[in-house]
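K.L.:
the following comprises the amino acid sequence and a computationally predicted model.
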Amino acid sequence: MRQFVLLAVLGLASLQALAATPGETLAAFHAALHAGDEARAMTLLSPEAVIYEAGHVERSRSEYADHHLANDIAFARVTTRRVVRHKERFEGNLAILLDEVETRGAFKGKTVNAVGTETAILEKKGDGWVVLHFHWSSRKAK
């Protein structure tokens, strides 16, 4: 039932949810996680989105919503993410974004001080963009 309600909200919200550039889309996704806005985050992901993280794979937006979204929101709400380097490349209706990030805060009683990388592939849909793929990786900062 939860998945049905989420998909109904996504259908309505996606009409105005797309950001104008790939960079804005990526920033909007992370802002939605930080704000705890599950519906907004989901509108920025393609239904066919594939997410790689720490050796795990979510093979669709709904699988991500069912498995890791809540934990990613909980983590984003109590940490600060800072983009250190950002690079974009465009190939027709696809964009590849490469970010190096620093994340700090505390999560589940543990201090977080990490550096990470994010690869995002986005697809142009109408006037906006949606995320087709994320690959996240991180390690403790020195």
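P.N.:
In hand now; what should we look at? Numbering: from 1, shown residues only.
K.L.:
quick one: low-confidence ranges for this structure?
P.N.:
1-19 (pLDDT under 70).
K.L.:
quick one: the strands in it, in order.
P.N.:
Taking DSSP state E, the strands of the chain run over residues 45-53, 56-58, 79-91, 94-107, 110-125, 128-140.
K.L.:
contact partners of the second one?
P.N.:
Right, strand 56-58. 49-51, 64, 67-68 (CB atoms under 8 Å, 6 or more residues apart in numbering). (Glycine included, C-beta is placed from N, CA and C.)
K.L.:
now with 6 Å, please.
P.N.:
51, 64, 67 (CB atoms under 6 Å, 6 or more residues apart in numbering).
K.L.:
out of the strands of the chain, which is closest to residue 36?
P.N.:
Closest approach to residue 36 among the strands of the chain (CB to CB): strand 79-91, 13.0 Å.
K.L.:
so which elements touch the closest one?
P.N.:
The contact analysis (3 or more CB pairs under 6 Å, 6 or more residues apart in numbering; DSSP states H and E) places strand 79-91 against strand 94-107.
K.L.:
okay, now the sheet partners of the strand it packs on, with direction.
P.N.:
strand 79-91 (antiparallel), strand 110-125 (antiparallel) (DSSP bridges).
K.L.:
just the angle between the longest one and strand 128-140, please?
P.N.:
Taking axes from the mean of the first three to the mean of the last three CA atoms, to 10 degrees, one finds that strand 110-125 is oriented at 150 degrees with respect to strand 128-140.
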